[in-house]
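1. Sequence isn't available, so here's the structure alone:
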């Protein structure tokens, strides 16, 4: 369970991080701490103010230093032996669309045989943890629900961490996204409106038309949404701009995603960008590269972040997520990032190591025997 040890200050966007200027809500004390490099927002109950202040200060001091160019992975055993836990991104690392990437089952089995803890973190918010468990099962992978952390779960976990009220029935969440977010909110005890049911709603623009919205919505959660439309943009905009203290939470800002293995598709960042554009407000991002999820995982499994290796295919989410958390990082070239992109002189995000795909753990190992 998420404890009060996790600070809302760990929530950030990518390199351009700004946070909302919220008004006070009843039962909450608001604290804003500014750092010249990264503004930090902390929400907490009044009685927790002192504890949160200390944690906010700690979180705001976390800055990723420039790194040397990534090394191509040559000795997988050395990396495997140096950590206790491997965190894997899913899209582009484990699968593409609904197709499993070659060599994944054997690689995961090998790591488990060595006693390594495996965790799977995805920014895709369309499914709940339980639904992702079924996807793993359908691909022939033995992964438990407790090993899976999706950004849909992160949104609900974040609201719990700031004691977002659930005992007051008018206070609810407006969802721009799919059922994964709704399921996780419901499991966490939060009420919500919106989601896929608003996908068919249209606005008839005629003289004098005024769109109504629920003035008691206290948070808007935006994630990947295949049913995105103008109605949702306007409803979310009204809540964020007109409801005092309404939170704008994004599950992620990924530019593209792998809906199929044939090509890249517009990602959740496109939906977040639309709402950001209409509200002129920056979202609180709970998925990668926010350190919120890393802090949650470290607390949940009681592990040191220095004993974690983050494996992913994106520089600005997966690798930055690992670096922000103080972990070792391994980039795989089986997804979004290509070798020319990694080696581009303008790319400032360098992992510790890179390789073609995670099954190189096996092939490189065999080559050294």
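-> Great, that's in hand. Everything quoted here is computed from the prediction, not taken from an experiment.

2. So which bits of stretch 266-273 are buried?
-> Buried residues in stretch 266-273, counted by 16 or more other C-beta atoms under 10 Å: 266-273. Using the backbone N, CA and C atoms, a C-beta is placed for each residue, glycine as well.

3. how about low-confidence regions in the stretch 1-150 of the chain?
-> 1-67 (pLDDT under 70).

4. 50 instead?
-> Along the stretch 1-150 of the chain, the model assigns pLDDT under 50 to residues 1-9, 12-64.

5. quick one, helices of it?
-> 49-60, 76-81, 104-113, 129-138 (DSSP state H, counting those that start in this stretch).

6. And the contacts of stretch 101-109?
-> Contacts to stretch 101-109, defined as C-beta atoms under 8 Å, 6 or more residues apart in numbering, come from residues 93-95, 118, 140-141, 334, 357-359, 361-363.

7. possible to save those residues as a markdown table with distance to residue 188?
-> Compiled in a markdown table, the contacts of stretch 101-109 are given as follows (distance: C-beta to C-beta, whole Å):
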| residue | distance to residue 188 |
| --- | --- |
| 93 | 27 |
| 94 | 26 |
| 95 | 27 |
| 118 | 24 |
| 140 | 30 |
| 141 | 26 |
| 334 | 33 |
| 357 | 35 |
| 358 | 32 |
| 359 | 36 |
| 361 | 36 |
| 362 | 39 |
| 363 | 42 |
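
8. Could you dump those residues into JSON lines and include neighbour count and distance to residue 305?
-> As requested, these are arranged in JSON lines below (neighbours: other C-beta atoms under 10 Å; distance: C-beta to C-beta, whole Å):
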{"residue": "93", "neighbour count": "24", "distance to residue 305": "20"}
{"residue": "94", "neighbour count": "27", "distance to residue 305": "22"}
{"residue": "95", "neighbour count": "20", "distance to residue 305": "26"}
{"residue": "118", "neighbour count": "15", "distance to residue 305": "16"}
{"residue": "140", "neighbour count": "9", "distance to residue 305": "31"}
{"residue": "141", "neighbour count": "17", "distance to residue 305": "25"}
{"residue": "334", "neighbour count": "22", "distance to residue 305": "25"}
{"residue": "357", "neighbour count": "19", "distance to residue 305": "25"}
{"residue": "358", "neighbour count": "25", "distance to residue 305": "21"}
{"residue": "359", "neighbour count": "20", "distance to residue 305": "26"}
{"residue": "361", "neighbour count": "24", "distance to residue 305": "21"}
{"residue": "362", "neighbour count": "15", "distance to residue 305": "26"}
{"residue": "363", "neighbour count": "14", "distance to residue 305": "29"}
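
9. tell me which of those is nearest to residue 208?
-> residue 95 (50.4 Å; C-beta to C-beta).

10. which ones are touching that closest one?
-> 101, 104, 139, 258.

11. Bridged to it, which residues?
-> Beta bridges link residue 95 to residue 91, residue 100 when assigned by DSSP bridges.

12. where's it relative to residue 241, distance?
-> 38 Å (C-beta to C-beta, to the nearest Å).

13. same thing with residue 339?
-> 44 Å.

14. Excluding chain neighbours, give the residue nearest to residue 119 in space.
-> residue 87 (4.7 Å; C-beta to C-beta, 6 or more residues apart in numbering).
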